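*Asks:* sequence-free structure coming up:
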């Protein structure tokens, strides 16, 4: 979604006025990272594509500038400067879909300080939410391996773009698709959907609603059975199946959206199987999350597919990340912040990943140009002088990359609970750089 | 924000194909309501304006229809019908900003069933989030009466539109403004903002950063003091204040974003007061919510203004509402759903509010045309035949209306905790209608 460049915090613009007035245009390096993982064992870096296009297309429209003039906060020469403002920097990042851990830089922006500064708000806004959703969605796969998951969350996502991003992020995390039609159009994600309770309620009889739906969507007959009584509804379906079959219409599935899903799915599976409807899939929905799904899976509930909405798209058990975008180098010199509880690692970095018997073993954060033997470097350059220089992977390729990495995860990272922490080591060079900087700040104070 | 009509669930379109095939165009009434208040004592109805414009402007573009054709899910005649699809119904709603309670209809849509059906997803998507944020934001006011609050949440809001809606909803709930520039432009909300840590870090010395900022924004000097050591920073400010003063630049405030806010604000207030800077305001930010704010307020922390971000815009303690949009009448006949735990009240309704000594005393839900003496009816018609027929209030008028209602709230509703529940009575007519409908469904089964 293209958004106005004014989708930013006012302080970015007041600081830009300050940089402009004092001719501060030297290169700054900012890093986006997550300070702690909180309830997650790992996170997935999702949103890079949107960040890169945001940077490449960044400009102020005349309308934006006219409006800024009316605020009377800015000087005319500064507003003229904004007219030709572009992002001209370099971007280093982990490939989209990469598993990452606390304090590891996911994206690095190297640009004249006003440019690197201005982009902070929207960059965080894009990354924070997609990381949050992808990292929640992937947990569903661990809760019920081999099952199918579909995103049903648009209505309770936090407004429009969240609904779209949630569809994208959950697909990347391994979902089969989404109910959000526009996400199908924009991102090429498979779309799913059949009927709501209102369709049943609008008919005098439930069976009439089922037949009407089957006639209208003969290739996509999934019937919602819990508007009144789910077991009675299944009996109606069993009764109507032969005549639909004769007309060439096959019932593909039933959906249950409420009640005791374990007992219901078992009873319904049995009923369907005993009546020649062994191929009818059972789909459930209704306030599901990874914990409920795990319980259903452990109870051997014969559920084929899960429609997951609200709790995934709001990441309800952890609705935000403690993430930041911090200046770590300016004019070639490392910088750090020492605010209580929010200290940062200075200097531009690289992250190396080490493996043991095809499983991830530990990571090491080092200074960018520090030699680190054998590890696999995770950050690479995606943008040079404001232009994207890498062919970006398709959404399907990103999804495959996530799946491949899940095979490399040590088992304790697949737990829904936290047991141990994945080791992220700090290189000698990085430690030394941080200590030296502390001394420099102490002297300057 | 104008969004594509494809920002909807696929099942809306598959159901529409069903209604189209079976000539079902009679009037349906759907109601949007919240099933339970969970951690809130009351909610604020926010988002009506966006819903009304969404309905009035609803249409499928040629591009939308071409894309739908490619999915091969729909018949050509149906896609032709979508070309001229408009919303032609009536809308009844509580005025924007109204205090409401569980099961009370906030908006009623009365339209031919395909129209009333299609709009479900985006209608919920707009209302759900704005209600959530406004109802969270208003709690800050109860936590620290008379203080100033500013929305700082854009970066961690769930993507672009959530950031804008959060600015709007929190302003309506009584915030003074927002840091989100675009919300200033779109909604006319006052915008706030000065500097981040990076501005300080980009300078060799903190005092240089402060002076640069003061020179560039002489009318708006609020200095962020916790990049390194907040108390040392205040001493620097005290030292530079006289010379800035001579140049006509007044320091308006300092902001603290980390650390022990009670101790720091007390020490800093004292330092500032003792050094002739009694007018410098103290602004705090950094992961604040109503509970932290209440603690600060109870500790007499001399804080003038709170920048509230992440926890408000994600409504972190309650990141979603148990809300629904349900068919409650079709062809002039009441309908209800009986799914376990999700039963609905049938028939088009009115909500009456009763007062005692200028305080809200109880509400009563009745059938729309049932005579109810003395109560104040809350729902009125905003749209007729697809056109808005009421002059909509400005955002400032909505905000004033919220403030006026807060004066009418009984005290127990202003608690941050839940103590007692506000009474919402059900009229005799509504009870009878529901019982009759249950009998009818039982017979039909």
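*Replies:* Cool, got the structure. Just so it is clear, the model here is predicted, and its values are computed rather than measured. Numbers count the residues shown, from 1 in each chain, chains lettered A, B, ... in the order given.
*Asks:* alpha carbons only for contacts and neighbour counts from here, please
*Replies:* Noted.
*Asks:* pull the number of nearby residues for residue A:263.
*Replies:* 14 (other C-alpha atoms under 10 Å in any protein chain shown).
*Asks:* mind pulling up the pLDDT for it?
*Replies:* Looking at residue A:263, its pLDDT stands at 97.
*Asks:* give the contact list for it.
*Replies:* By C-alpha atoms under 8 Å, 6 or more residues apart in numbering or on different chains, residue A:263 lies in contact with residue A:301.
*Asks:* name the SS class of it, please.
*Replies:* When classified by DSSP: H, G, I helix; E, B strand; the rest coil, residue A:263 comes out as helix.
*Asks:* okay, and the beta partners of residue A:28?
*Replies:* On the basis of DSSP bridges, residue A:28 is bridged to residue A:111, residue A:330.
*Asks:* so it sits against residue A:112, correct?
*Replies:* Yes. Counting by C-alpha atoms under 8 Å, residue A:28 touches residue A:112, with 5.8 Å between them.
*Asks:* between the two, who's got more neighbours?
*Replies:* Taking other C-alpha under 10 Å, residue A:28 and residue A:112 do not tie; residue A:28 has more neighbours (27 against 20).
*Asks:* give me phi/psi at residue A:290?
*Replies:* In this entry, residue A:290 is assigned phi and psi values of phi -60, psi -30 (degrees, to the nearest 10).
*Asks:* what's the closest non-adjacent residue to it?
*Replies:* residue A:140 (4.8 Å; C-alpha to C-alpha, 6 or more residues apart in numbering or on different chains).
*Asks:* show me what contacts the one you found?
*Replies:* A:149, A:289-290, A:293-294.
*Asks:* would you say it is within a strand?
*Replies:* No. Counting by three-state DSSP, residue A:140 is not found in a strand; it is helix.
*Asks:* what pLDDT is listed against the most centrally placed residue in chain A?
*Replies:* The residue lying closest to the centre of chain A (C-alpha atoms, centre = their mean) is residue A:130, at 2.5 Å. Per-residue confidence at residue A:130 stands at 98 (pLDDT).
*Asks:* now do the SS call for the closest residue to residue A:225 other than its chain neighbours.
*Replies:* Take residue A:225 and drop its neighbours on the chain: the residue closest to it by C-alpha to C-alpha, 6+ apart is residue A:233, 5.5 Å away. Secondary structure, three-state DSSP: residue A:233 is helix.
*Asks:* then residue A:350?
*Replies:* Residue A:350 - assigned by three-state DSSP - is strand.
*Asks:* re the thing from before, just the ones of the contacts of residue A:140 in helices?
*Replies:* A:290, A:293-294 (DSSP state H).
*Asks:* let's have the residues you listed in CSV, adding neighbour count, distance to residue B:386 and pLDDT.
*Replies:* Output for those, formatted as CSV (neighbours: other C-alpha atoms under 10 Å in any protein chain shown; distance: C-alpha to C-alpha, whole Å; pLDDT from 0 to 100):
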residue, neighbour count, distance to residue B:386, pLDDT
A:290, 21, 42, 98
A:293, 22, 42, 98
A:294, 20, 46, 98
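*Asks:* between those, which is closest to chain B?
*Replies:* residue A:290 (16.6 Å; C-alpha to the nearest C-alpha).
*Asks:* close to chain B: what parts of the stretch 1-150 of chain A are there?
*Replies:* A:3-4, A:6-12, A:14-15, A:17-18, A:21-22, A:67, A:73, A:117, A:121-126, A:128-129 (C-alpha under 8 Å from any C-alpha of the partner chain).
*Asks:* among those, which are located in helices?
*Replies:* Among the residues of the stretch 1-150 of chain A next to chain B, DSSP H puts A:10-12, A:14-15, A:17-18, A:21, A:67, A:117, A:121-126, A:128-129 in helices.
*Asks:* in ChimeraX, select just the buried ones from the residues you listed.
*Replies:* Selection of the buried residues among these in ChimeraX, burial being defined by 16 or more other C-alpha atoms under 10 Å in any protein chain shown:
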select /A:10,11,12,14,15,17,18,21,117,121,122,123,124,125,126,128,129
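*Asks:* please identify the helix or strand for residue A:165.
*Replies:* helix A:160-172 (DSSP states H and E).
*Asks:* list the helices and strands that helix packs on?
*Replies:* Packing partners of helix A:160-172 (3 or more C-alpha pairs under 8 Å, 6 or more residues apart in numbering or on different chains; DSSP states H and E): helix A:120-143, strand A:148-151, strand A:177-178, helix A:181-187, helix A:310-313, helix A:395-408, helix B:120-143, helix B:160-172.
*Asks:* how close does the nearest residue to residue A:272 once chain neighbours are set aside sit to chain B?
*Replies:* Spatial nearest neighbour of residue A:272, chain neighbours left out: residue A:278 (5.9 Å); criterion: C-alpha to C-alpha, 6+ apart. Per C-alpha to the nearest C-alpha, to the nearest Å, residue A:278 is found 25 Å from chain B.
*Asks:* what's the burial count for residue A:278?
*Replies:* Residue A:278 has 12 nearby residues by other C-alpha under 10 Å.
*Asks:* residue A:16 versus that one, what's the distance?
*Replies:* 65 Å (C-alpha to C-alpha, to the nearest Å).
*Asks:* which residues of the stretch 301-445 of chain A score low on pLDDT?
*Replies:* For the stretch 301-445 of chain A, the stretches flagged by pLDDT under 70 are A:445.
*Asks:* where along it do the strands fall?
*Replies:* Secondary structure of the stretch 301-445 of chain A by DSSP state E, counting those that start in this stretch: the strands cover A:305-308, A:322-330, A:333-334, A:349-356, A:359-367, A:376-377, A:380-384, A:387-388, A:424-426.
*Asks:* dump those strands into CSV; add mean neighbour count as well.
*Replies:* Output for these, formatted as CSV (neighbours: other C-alpha atoms under 10 Å in any protein chain shown):
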stretch, mean neighbour count
strand A:305-308, 24
strand A:322-330, 23
strand A:333-334, 18
strand A:349-356, 19
strand A:359-367, 19
strand A:376-377, 16
strand A:380-384, 18
strand A:387-388, 18
strand A:424-426, 16
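*Asks:* nearest to residue A:92, out of those strands?
*Replies:* Closest of the strands of the stretch 301-445 of chain A to residue A:92 is strand A:380-384, at 4.1 Å (criterion: C-alpha to C-alpha).
*Asks:* mind listing what the closest one pairs with, with the direction of each?
*Replies:* strand A:90-93 (antiparallel), strand A:387-388 (antiparallel).
*Asks:* check contacts around the closest residue to residue A:118 other than its chain neighbours.
*Replies:* Leaving aside its chain neighbours, residue A:118 sits nearest to residue A:12 (5.2 Å; criterion: C-alpha to C-alpha, 6+ apart). By C-alpha under 8 Å, 6+ apart, residue A:12 lies in contact with A:117-118, B:194-196.
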